[in-house]
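[1] Below are the sequence and a predicted model for it; my questions follow.
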Amino acid sequence: MIAFNVMIAVFVLGYLGIVLEHNAKINKAATALIMGGLLWAIYAVFGTDILGLDFSSSWHHYLHTGGEKSDIIKFIVHHELVEQLYEISSILFFLLGAMGIVEIVDSFQGFRVITDQIKTRNIVKLLWVISVLTFFMSAVLDNLTTTIVMVTLIRKILSEKENRWFFASMIVLSANAGGAFSPIGDVTTIMLWIGSQVTSSHIISSLFIPSLVSMIVPLIISSFILKGRSEAPILEESEKREYTSVQERRLIFTLGIACLLFVPVFKSYTHLPPFVGMIFGLGIMWFVSDIMIQKKAHEDQRKLSVVKTLHKIDTPTILFFLGVLLGVASLSSAGQLDLMAEAMDKHIGNIYGINLAIGFLSSIVDNVPLVASAMGMYEIASPDAVGYLADFTQDGTFWSFLAYCAGTGGSILIVGSAAGVAAMGMEGITFGWFFKRISWIAAIGYLAGAATYMIGSGAF
């Protein structure tokens, strides 16, 4: 039991180190990597004691399918770590591919296709335009990719750091809201869709309005906070020079968006993980880019070289993500997250209360293992189920509300979602600033959307 609790303590200390990054002046990626590695080391060394507590549903499943209790190290390394690493690497490769495509579009000045069309300097109008665009893009692409694209975009039209941080934060809220009502917009909705807990048509019809409300309410609040006009950044002479033509920008921008849109289509037809489609799209972008720059001057060839462009990818953010996901995966494997989910079921016992709690927890702990734990705790009830079990049928209230809460609850803290982590890394947003300026706005939006869903489902 001591080792079991030590893992929890290490995670909490690691999380505090990430939160206090700017006070300690230690990069959050270093803290996350130490935390992830140490948690797995404790789990491996004290695996006999930890798994002997019988809190891990994965360990139970392993034993029931023919595994031996003496094979604890084999279970931890070959069964849990390898499987968790597959999930983690899928996310990281997806992120690398998305960042690569965005950087290529940016290097070809492709985002000017959009920025040149945005004429308003009224900061409130601009916030609404960016947020609504993010909301719908996130449903078609996914919240992570959309955040990367839109944060890159606001760098071109906003000069003040405070404004960029506020806009980036609202992009995170809008992207998570847009991803919650789409079967391909967020990892958790993808999990529930693939697991047959929800169907695509139902999740769109039942969650579109609540998700929209969870974005609109924070936007209304922000409209009273932001004042004045936006100022575009002063570009250096090298940045002012147009080294690509309008036709080239349109081509590379269209191709980039097409490659991102292609990912869910590729997944639907091949049933391969999304990162395969994203890596394939990056290859297409690279191939076309090399052809386009062949006839350009040597100086422009160097500026547009994909090899040089890919050096701009934020590697520390990737490593930070790796450390956090490794740490969460260890808690999921060892059983701490299963225990947490069981405690909520016992002490709350109400499907709305459980899902609301999962939403708040997803702002602290990654929503993927939380949703996975919920899916493991509850089976899909038969279509003719009645009473309490009727909420657990396919497209039942529990599963739909879980998709909403897990998808939008992560917006309450900057580290609570993949979109938030990406924006944090790209813009350097501090945890404290987000908590002070944005968290209360996000929480109000989250609760407003939840109330909208509960009213629609007859909870009141």
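    The structure has been received and is ready for your questions. Numbering: from 1, shown residues only.
[2] Check which element follows the helix or strand bottoming out on mean pLDDT in the chain along the chain.
    Ranked by mean pLDDT, DSSP states H and E, the weakest helix or strand in the chain is helix 237-240, scoring a mean of 54. Going down the chain from helix 237-240, the next helix or strand is helix 246-270, by DSSP states H and E.
[3] Pull the number of nearby residues for the closest residue to residue 397 other than its chain neighbours.
    Of all residues not flanking residue 397 in the chain, residue 391 sits nearest, at 4.5 Å (CB to CB, 6 or more residues apart in numbering). No exception for glycine: its C-beta is placed from N, CA and C like everyone else's. When counting by other CB atoms under 10 Å, one arrives at 18 neighbours for residue 391.
[4] And for residue 311?
    Residue 311 sits with 10 neighbouring residues when counted by other CB under 10 Å.
[5] go on, residue 261?
    With other CB under 10 Å as criterion, residue 261 counts 15.
[6] show me what contacts it?
    By CB atoms under 8 Å, 6 or more residues apart in numbering, residue 261 lies in contact with 140-141.
[7] ok, now how distant is it from residue 141?
    Using CB to CB, to the nearest Å, residue 261 is found at 7 Å from residue 141.
[8] And residue 312, by the same measure?
    Counting by CB to CB, the gap from residue 312 to residue 141 is 21 Å.
[9] Look at these two and report which has more neighbours.
    residue 141 (25 against 14).
[10] show me the contacts for the more buried one.
    So residue 141 contacts 149, 185, 260-261, 263-264 (CB under 8 Å, 6+ apart).
[11] Closest to residue 158 out of the residues you listed?
    Lowest distance from residue 158 to the contacts of residue 141 (CB to CB) belongs to residue 149, with 15.2 Å.
[12] Helix or strand: which one has the closest one?
    Per DSSP H and E: helix 143-157 holds residue 149.
[13] Now that helix: buried residues?
    Within helix 143-157, the residues scored as buried using 16 or more other CB atoms under 10 Å are 143-157.
[14] tell me which strands and helices it is in contact with?
    When contacts are defined as 3 or more CB pairs under 8 Å, 6 or more residues apart in numbering; DSSP states H and E, helix 143-157 sits against helix 82-107, helix 112-115, helix 123-140, helix 161-180, helix 246-270, helix 418-427.
[15] Tell me what angle the last one forms with helix 161-180.
    Taking axes from the mean of the first three to the mean of the last three CA atoms, to 10 degrees, one finds helix 418-427 and helix 161-180 inclined to each other by 160 degrees.
[16] can you list contacts of helix 418-427?
    91, 95, 143-144, 146-148, 151-152, 164-165, 168-169, 171-172, 175-176, 179, 187, 314, 316-317, 320-321, 324, 410-411, 413-415, 429, 431, 434.
[17] go on, the second one?
    With CB under 8 Å, 6+ apart as the contact definition, helix 112-115 has outside contacts at 153, 156-157, 249-250, 253.
[18] Recalculate using a threshold of 6 Å.
    Contacts with helix 112-115, where a contact means CB atoms under 6 Å, 6 or more residues apart in numbering, come from 156-157, 249-250, 253.
[19] quick one: contacts for the closest residue to residue 279 other than its chain neighbours?
    Closest residue to residue 279 apart from its sequence neighbours, by CB to CB, 6+ apart: residue 97 at 4.8 Å. Counting by CB under 6 Å, 6+ apart, residue 97 touches 278-279, 282.
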